[in-house]
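In: With the sequence up front, the predicted model follows.
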Amino acid sequence: MSEETRRLNDIITAQAKELEAWQAKSNRQKGDIRKVHSELDTLKRRVGEESRQPEQAIAEADMMLHIAEGQLLGYYLSSCGTSITELVESMGLEQGEWENLSGRVNLKDVDRQEIEEYFLAVCEGGGE
């Protein structure tokens, strides 16, 4: 092999190695870009979730405030001598709602019986 051929062969080999190195670097960069895009998507989802969390917390706090207000109003009316059936009537509670609530609220058996009799009378009277 001539000196010129050997020199050209060395140049081609060096360029092939540079090309392989460039391709490897390019593949790593593509992987890095995919990783960055994946991380960016994750961050976008997190920002979306976090932006909804304060709204949800405010709604839950507002709901709890309404519940507390209702409990205090019920206590006040009870302390003024309002009967349980007057309270049920004033809040517009319907029988289906009572059936849903009855197992979830703490009431004296006497009060629970009064409510049941109230709805019996309403149904018999055609009120509901």
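Out: Nice, I can see it. Residues are numbered from 1 along each chain as shown.
In: Give me the distance from the top helix by length along the chain to the chain's centre.
Out: In the chain, ranked by residue count with DSSP state H as the criterion, the top helix is helix 3-79. The chain centre lies 19 Å from the centre of helix 3-79; the measure is CA atoms, centre = their mean, to the nearest Å.
In: Stretch 119-128 now?
Out: A distance of 40 Å separates the C-alpha centroid of stretch 119-128 from that of its chain, computed with CA atoms, centre = their mean.
In: separation between Arg34 and Leu107?
Out: Relative to Leu107, Arg34 is positioned 61 Å away (criterion: CB to CB, to the nearest Å). Yep, even glycine has a C-beta here, placed from its N, CA and C like the rest.
In: Pick out whichever of the two has more residues nearby.
Out: It is Leu107, of Arg34 and Leu107, that has more neighbours when counted by other CB atoms under 10 Å, with 13 against 10.
In: Who are the contact partners of the more buried one?
Out: For Leu107, the residues meeting the contact criterion (CB atoms under 8 Å, 6 or more residues apart in numbering) are 84, 115.
In: That one: what secondary structure?
Out: When classified by DSSP: H, G, I helix; E, B strand; the rest coil, Leu107 comes out as coil.
In: Domain map for the chain?
Out: In the domain annotation for the chain, the residue ranges read 1-82, 83-128 (automatic domain parsing).
In: Great, nothing more from me.
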